[in-house]
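Peer 1: Requesting a structural model of the entry that follows:
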Amino acid sequence: MYRNEFSLNCLRFFLKFSVNLLKVTLHFIIYNLLFLLMRFLRKIFNIATLTGTITIFAFMFLLQVVAVNFDFLNIFEQTINNFKISDVYFSQIRDNENVKGDTNIVIVNIGYLPRAALGAQLEVISRYKPKVIGLDALLEGARQPEQDSTLEAFLQIASDRCPIVFASKLEKPNLEKKSFDSLGLPYKPFQKYIETGYVNVVTDEDTKFETARIVSPKEKVKDSIEYSFATKLVQLSYPNKATILLERNNEVENIYYRGNHQKFMVLNPMDVLEENFDPSVFKDKIVIMGYMGEDYLIENGVDDRYYTPMNKRSVGRAARDMYGIMIHANMLSMIMHENYIDVIPSFLAIIISVLMAFANVVLFTYIYFHRKLGTWYDVITKGVQLVEVIIFVFIFIWTLAGYNLMLEATLGVLAVILSGDVLEVFLALLANIYPKSTRAYE
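Peer 2: Numbering: from 1, shown residues only. From the prediction side, this is the model:
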């Protein structure tokens, strides 16, 4: 009996000892894990990393301010600002030769034809039963009476055969109301036969390159809505497609470029006037008329030409590569085929950019203050930056090519590129001015 009681007491003691030992062990493990976690977090969130991230974005802002005030830097800044990775995709990476042409759209070059000849073109085209005809030419005000009366007579005939859209122009932007105070319209006697759509091409007007990347489907003019040239043409020919565009409810759409004149049926001025074409070429098509020089195959002018993402030279561009009418054709093609490019929201792009910059600052700060790695700072950081940029470009191209999704994080990429050199200078100053900032790395 005593032996059994002794055995039970020993067992109780052993169990109690085991439980206490387990508690002590767990406390020790948790304490050490928390200690390691705190050390780790101190290396991530500290004065050096937080102020370093702020310094990088402050430097980029300062660089922009300085560039605006110095012409030679301003040109450099415009060149960099104008560069987009999406341009490289459209002009260099995508297999443009295998991109199919769009047979739904026919482009007619109007060259330098007077109004009477434009009317003759309209009459000829309308005879072959197109779905709609659009004229990308601002016919504002009166000209020679015989020219205007001839065009009006042809308009009366053509408008009975199919809808006709003439160009309008958005004027006097009102930034406070996010609208326009005026709309340039065609000569009043023409207006009863036509509908209008604005032909303003949205470009990067703050740079010398004027790259056409986006289109606004509609704009507010005083108390009314004016639709873009492409939107109005689709409304009159394929209303369901126009509804899909407008239901996206985007202020602007990034243009999905199919290509230049090689991807569309194009006719020169005299080809139409002399009817040198297959009779079926216009039937049930969207026909757009616009300026492409005397001959669209001879690209030697600068009138109504723009830089686009299709330009082979993505940086420091020399020659404008596309006529305005071709840009409208690409807009039409995008709407018709629903090849819309989705862009991540601005707030998400900012968050991604800040996280990209902060991650680099954390890593580079650790390397800078490391006893052994610090001597190899420049080599390591440049290698990391190169790998990061390659990975980002790959992801950007992959999402754009596969999902028509544009990851707009240019700010983050620029922060990654600048982080190594900016941090090296900043951390050297910080370590001398405030030595306590390095304690997290001791």
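Peer 1: Surely Ala349 touches Glu408?
Peer 2: Yes - in this structure Ala349 lies within contact range of Glu408 using C-beta atoms under 8 Å: 5.0 Å. Glycine gets a C-beta too; all of them are placed from N, C-alpha and C.
Peer 1: which residues of the stretch 1-150 of the chain fall in strands?
Peer 2: For the stretch 1-150 of the chain, the strands defined by DSSP state E, counting those that start in this stretch occupy 105-109, 132-136.
Peer 1: okay if I get those as CSV plus mean neighbour count?
Peer 2: Listed next are those as CSV, based on neighbours: other C-beta atoms under 10 Å:
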stretch, mean neighbour count
strand 105-109, 25
strand 132-136, 26
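Peer 1: Adding distance to Ile214, write those strands out as a markdown table.
Peer 2: Output for these, formatted as a markdown table (distance: least, C-beta to C-beta, whole Å):
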| stretch | distance to Ile214 |
| --- | --- |
| strand 105-109 | 20 |
| strand 132-136 | 18 |
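Peer 1: Reformat the ones you listed as CSV; add mean pLDDT.
Peer 2: Below are those laid out as CSV (pLDDT from 0 to 100):
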stretch, mean pLDDT
strand 105-109, 97
strand 132-136, 96
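Peer 1: Quick check: the gap between the spatially most central residue of the chain and Leu400.
Peer 2: For the chain, the residue nearest the mean C-alpha position is Asn254 (5.4 Å; C-alpha atoms, centre = their mean). Separation of Asn254 from Leu400 (C-beta to C-beta, to the nearest Å): 10 Å.
Peer 1: intersection of neighbour lists for those two?
Peer 2: Taking C-beta atoms under 8 Å, 6 or more residues apart in numbering as the criterion, Asn254 and Leu400 both touch 86, 341, 406.
Peer 1: So among those, where is pLDDT lowest?
Peer 2: Scanning the shared contacts of Asn254 and Leu400 for pLDDT, the low point is Ser86. It has 83.
Peer 1: ok, that one touching Val343?
Peer 2: No - at 9.8 Å, Ser86 and Val343 do not qualify as touching, with contact defined as C-beta under 8 Å.
Peer 1: so what sits against both of these two?
Peer 2: Taking C-beta under 8 Å, 6+ apart as the criterion, Ser86 and Val343 both touch 254, 406.
Peer 1: What is the neighbour count of Asp284?
Peer 2: When neighbours are counted by other C-beta atoms under 10 Å, Asp284 registers 11.
Peer 1: my hunch is that it is in a helix, does that hold up?
Peer 2: No - counting by DSSP: H, G, I helix; E, B strand; the rest coil, Asp284 is not part of a helix but coil.
Peer 1: ok, it to Val413 distance?
Peer 2: Distance, Asp284 to Val413, using C-beta to C-beta: 45 Å.
Peer 1: One more: Lys232?
Peer 2: The gap separating Lys232 from Val413 is 37 Å, by C-beta to C-beta.
Peer 1: ok, these two, which is more surrounded?
Peer 2: Applying other C-beta under 10 Å to Lys232 and Val413 shows that Lys232 carries more neighbours, namely 24 against 20.
Peer 1: Double-check that that one belongs to a strand.
Peer 2: No - counting by three-state DSSP, Lys232 is located in no strand; its state is helix.
Peer 1: ok, for it, nearest residue in space, not its chain neighbours?
Peer 2: Excluding the flanking residues, the one nearest Lys232 by C-beta to C-beta, 6 or more residues apart in numbering is Gly197, at 3.3 Å.
Peer 1: what residues are up against that neighbour?
Peer 2: Applying C-beta under 8 Å, 6+ apart to Gly197 gives the contacts 134, 165, 167-168, 226-233.
Peer 1: lowest-pLDDT helix or strand in this structure?
Peer 2: Least confident helix or strand of the chain, by mean pLDDT, DSSP states H and E, is helix 71-82 with a mean of 52.
Peer 1: okay, now Val281: neighbour count?
Peer 2: Neighbours around Val281, by other C-beta under 10 Å: 17.
Peer 1: how near is it to Ile325?
Peer 2: In this view, Val281 and Ile325 are 17 Å apart by C-beta to C-beta.
Peer 1: Equivalent analysis for Pro435, please.
Peer 2: From Pro435 to Ile325 the distance is 65 Å (C-beta to C-beta).
Peer 1: more neighbours, those two?
Peer 2: Between Pro435 and Ile325, counting by other C-beta under 10 Å, Ile325 is the more crowded of the two (27 against 9).
Peer 1: So the more buried one sits against Ile288, correct?
Peer 2: Yes - in terms of C-beta under 8 Å, Ile325 counts as a neighbour of Ile288; the distance is 6.1 Å.
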